[in-house]
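Colleague: Can you look at this prediction? I've put the sequence above it.
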Amino acid sequence: MSVIVFIDSRGDKIPKAAQEAVTYASQLAGGPVTVVTFGGSTLLESLGAQGAKKVIVARGVAIVDGQQLTKLVCDVATKESATTIVCVHDGTGKAVAPRVAARLKAGHVAGALGLPVDGRFKRNVFSGKAQAWMEVTSPIKVISLSPNSIPIAKGEGTVAVEEYSGDLGAARITVKEVRKAGTGIPLPEAEIVVSGGRGMKGPENWAGIEELAQLLGGATACSRPVADMHWRPHHEHVGQTGLAIRPNCYIAIGISGAIQHLAGVNQSKVIAVINTDPEAPFFKAADYGIVGDAFVVLPKLIEAAKKLNAER
Amino acid sequence: MKILVLLSQVPDTTARIAFTNDNTQYDSAGVTFIVNPYDEWYALVRALELKEAAGSGSVTTITVGGADTDATIRKGLAIGADEAVRVDAQPTEALQVAEHIAAYAKDRGFDLVLAGKETIDHNGGQVGAMVAELLDLPYVPLASKLDVNGTVATVERDVPNGVEVLEVSLPVVIGAAKGMAEQRIPNMRGIMAARTKPLTVVPAAAVDNTGGTVKFELPPAKGAVKMIPVEEAGKLIELLHTEAKVI
Ligand SMILES: Cc1cc2nc3c(=O)[nH]c(=O)nc-3n(C[C@H](O)[C@H](O)[C@H](O)COP(=O)(O)OP(=O)(O)OC[C@H]3O[C@@H](n4cnc5c(N)ncnc54)[C@H](O)[C@@H]3O)c2cc1C
């Protein structure tokens, strides 16, 4: 089986999800794999640690134009006689992986949660309320790996970096402007998430949520009404109609735990809930709970997190 | 402007999720079906707004499904779509659905194809991109804003920690996410009008079969929640560190 893996390596470090995908691809292949990527990264050699042997990079491409990148991936797939193409189930992957699958008439697993078992791939369906086992019967498979699904390999290995020399045509998409909303950990990659709901009463009260997230090295999220009322930016909205995340730890403060909210967070490894209402449905989905006022509990959590950080 | 909106039927967001036939099939007994929220709230409503702003054009919805989806399709007409198309095939996998849609849309001259960013049952987020590839069009996923000026679309795409503002020439396929429009509740006039608007059923095209879901499972039930008294709230951090080992 020949496996290649497509990642977005732009930015000043190789994204965590990209390292996971390379690790995954080399586990699928049972040995080192070829990586295909784009942009100006100078860190591509480091992917040897995750099981890359060769990286083919289209240096001239700096933006996500699905058509150019699909051509890139399909060209490399042909050259390497790839039968499995691994991608990341993120914004870049969503612009490219389904296109590659459509072009190559390949079955596409969107959001694999781990290595296949008996040839079947597991993925989330019904917004995380259930999982499906999927079989791909086409000669070529495209597998998009969900972020936070596997630990990153930290091995050793040398990488040959090769520049892609084919013609990708002109981009049909132009990027006019990039507006950064923050410099923190992107929510889908965060291992710890501190999230606030309508129980936080207003945007002016988010300093505590942000401080706790920062102390724990995590990201912040919110419920839908909080984003709808513009207390927080839309990209923090988690749930059925927002982001679905699966951090190791999700701390929900002043969120009732409506079924649509749970749909986006119930894949978290551990859930802690703080709510004044002992009957809040969220407690049924929680591992740890505190019945109490956010404005009393948050300062105590912050204090405890500072203490923990001082000790470690 | 001629706009095509991909419209999928999904179980209501509060529907019980259970499976039958040895966990190979979704158990739809007693379940209310709705238009996939991303298709309805964002893709369809934005399509209608763009048509209204242009003062001309048409909005067509397309659904791959059996006759059991007709009531859901009529909901899209009630909200304001001009006409609906149903490809008479059971949806099994993303590529199969995309091939059906592309077969219909090809050569029909749509300026804009709008999909929801994903369905809330299959959660693949694939069909829009696949349709774009099959029609050789650009595709922008996770779009939270869309404006059209002449033949150029300006799109905001959510990226990690921010947004990208893009320009792309029509025709283009867009994956609509939250932010693009506000939900519209159909009024009585819309509901009445929907009864007589055209819902055209087209036969299934020849499509590829690349596999699909063979089995479903439900996540294991959660253990009991461990309650911490509010006076000792700080203990939560300690437990998350020493017991759960997640921080
Ligand atoms: C089709 C559909 C899709 C939806 N998608 C989503 C989605 O993606 N994400 C989402 O989040 N919601 C979604 N919803 C909305 C969802 O049903 C709930 O309305 C929403 O999650 C409630 O948000 P909340 O918990 O912040 O607010 P509320 O339900 O108002 O809950 C606030 C909670 O805070 C508690 N509280 C109040 N004061 C305090 C205090 N001082 N300290 C501690 N706790 C306090 C209250 O006891 C209450 O439990 C969707 C709904 C529909 C119909």
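Modeller: On my side now, so go ahead.

Colleague: Give the buried residues for stretch B:80-95.
Modeller: The neighbour-count check on stretch B:80-95 (16 or more other Cβ atoms under 10 Å in any protein chain shown) flags B:80-81, B:84-87, B:89, B:91, B:93-95 as buried. For the C-beta atoms, the positions are set from N, CA and C on the backbone; glycine is no exception.

Colleague: what's the single longest helix in chain A?
Modeller: Across chain A, the longest stretch assigned as helix under DSSP state H is helix A:294-311.

Colleague: which stretches of chain A have low pLDDT?
Modeller: Regions of chain A meeting the criterion pLDDT under 70 cover residues A:182-183.

Colleague: What separation do you get for residue A:72 and residue A:6?
Modeller: Residue A:72 sits 8 Å away from residue A:6, going by Cβ to Cβ, to the nearest Å.

Colleague: Looking at these two, which has the bigger crowd around it?
Modeller: Set residue A:72 next to residue A:6 and count neighbours by other Cβ atoms under 10 Å in any protein chain shown: residue A:6 wins out with 29 against 24.

Colleague: Of the buried residues of stretch B:80-95, which belong to strands?
Modeller: Residues of those located in strands (DSSP state E): B:84-87.

Colleague: so what's in contact with residue A:72 and residue A:6 at the same time?
Modeller: Counting by Cβ atoms under 8 Å, 6 or more residues apart in numbering or on different chains, the residues touching both residue A:72 and residue A:6 are residue A:36.

Colleague: Which strands or helices does the longest strand seen in chain B pack on?
Modeller: If you go by DSSP E, chain B has its longest strand at strand B:139-149. Applying 3 or more Cβ pairs under 8 Å, 6 or more residues apart in numbering or on different chains; DSSP states H and E, one finds that strand B:139-149 contacts helix A:66-79, helix A:91-104, helix B:45-54, helix B:127-135, strand B:152-159, strand B:162-169, strand B:172-176.

Colleague: do you know which of those lies nearest residue A:298?
Modeller: Proximity to residue A:298 (Cβ to Cβ) singles out strand B:162-169 among those, at 26.7 Å.

Colleague: Show me what counts as buried in that closest one.
Modeller: In strand B:162-169, counting by 16+ other Cβ under 10 Å, buried: B:162-164, B:166, B:168.

Colleague: Would you mind putting the helices and strands packed on strand B:139-149 into CSV with distance to residue A:213 alongside?
Modeller: Shown next, in CSV, are the helices and strands packed on strand B:139-149 (distance: least, Cβ to Cβ, whole Å):
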stretch, distance to residue A:213
helix A:66-79, 32
helix A:91-104, 22
helix B:45-54, 32
helix B:127-135, 32
strand B:152-159, 20
strand B:162-169, 17
strand B:172-176, 28
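
Colleague: Might you enumerate the residues of chain B proximal to the ligand?
Modeller: Applying Cβ under 6 Å from any ligand atom, one finds that chain B approaches the ligand through B:13, B:37.

Colleague: The longest helix seen in chain B packs against which elements?
Modeller: Ranked by residue count, the top helix of chain B under DSSP H comes out as helix B:94-105. Where contact means 3+ Cβ pairs under 8 Å, 6+ apart, helix B:94-105 is packed against helix A:91-104, strand A:107-112, strand B:58-64, strand B:83-88, helix B:127-135.

Colleague: what packs against the third one?
Modeller: Strand B:58-64 makes packing contacts with strand B:2-6, helix B:45-54, helix B:70-79, strand B:83-88, helix B:94-105 when contacts are defined by 3+ Cβ pairs under 8 Å, 6+ apart.

Colleague: and which of the buried residues of strand B:162-169 is nearest residue B:74?
Modeller: Lowest distance from residue B:74 to the buried residues of strand B:162-169 (Cβ to Cβ) belongs to residue B:168, with 32.2 Å.

Colleague: which residues pair with the closest one across the strands?
Modeller: Per DSSP bridges, the residues bridged to residue B:168 are residue A:173, residue B:153.

Colleague: Pretty sure it sits against residue A:176.
Modeller: No - here residue B:168 lies out of contact with residue A:176, judged by Cβ atoms under 8 Å, at a distance of 10.5 Å.

Colleague: How about the residue in chain B that the ligand sits nearest to, nearest residue that isn't a chain neighbour?
Modeller: For chain B and the ligand, the shortest gap (Cβ to the nearest ligand atom) falls at residue B:13, measuring 4.0 Å. Distances taken as Cβ to Cβ, 6 or more residues apart in numbering or on different chains put residue A:260 closest to residue B:13, at 5.0 Å, once the chain neighbours are dropped.

Colleague: I'd like the average pLDDT over the longest helix of chain B.
Modeller: Confidence for helix B:94-105, expressed as mean pLDDT, is 98.

Colleague: The residue nearest to residue B:13 contacts residue A:244, correct?
Modeller: No - using Cβ under 8 Å as the test, residue A:260 is too far from residue A:244 to be in contact (11.3 Å).

Colleague: between those two, which one's more packed in?
Modeller: Set residue A:260 next to residue A:244 and count neighbours by other Cβ under 10 Å: residue A:244 wins out with 21 against 18.

Colleague: since we're on the spatially closest residue to the more buried one that is not a sequence neighbour, how many residues are nearby?
Modeller: Excluding the flanking residues, the one nearest residue A:244 by Cβ to Cβ, 6+ apart is residue A:264, at 4.6 Å. When counting by other Cβ under 10 Å, one arrives at 25 neighbours for residue A:264.

Colleague: contacting residues for residue A:264?
Modeller: Contacts here follow Cβ under 8 Å, 6+ apart; on that basis residue A:264 touches A:127-128, A:238-240, A:242-245.

Colleague: Helix, strand or coil: sort out it for me.
Modeller: Residue A:264 falls in the helix class when you classify it by DSSP: H, G, I helix; E, B strand; the rest coil.

Colleague: roughly how far apart are it and residue B:178?
Modeller: 12 Å.

Colleague: what sits in contact with each of those two?
Modeller: Residues touching both residue A:264 and residue B:178 (Cβ under 8 Å, 6+ apart): residue A:242.

Colleague: Surely residue A:206 is in contact with residue A:200?
Modeller: Yes - look at residue A:206 against residue A:200 with Cβ under 8 Å: they come within range, at 6.8 Å.

Colleague: of these two, who's got more company?
Modeller: Counted by other Cβ under 10 Å, residue A:206 and residue A:200 do not tie: residue A:200 has more neighbours, with 24 against 18.

Colleague: mind listing what the residue nearest to the more buried one when sequence neighbours are not counted touches?
Modeller: Spatial nearest neighbour of residue A:200, chain neighbours left out: residue A:254 (4.7 Å); criterion: Cβ to Cβ, 6+ apart. Listed by Cβ under 8 Å, 6+ apart, the contact partners of residue A:254 are A:196-201, A:274-276, A:294.

Colleague: What residues does the stretch 101-250 of chain A have near the ligand?
Modeller: Contact residues, the stretch 101-250 of chain A versus the ligand (Cβ under 6 Å from any ligand atom): A:197-199, A:223-226, A:239-242.
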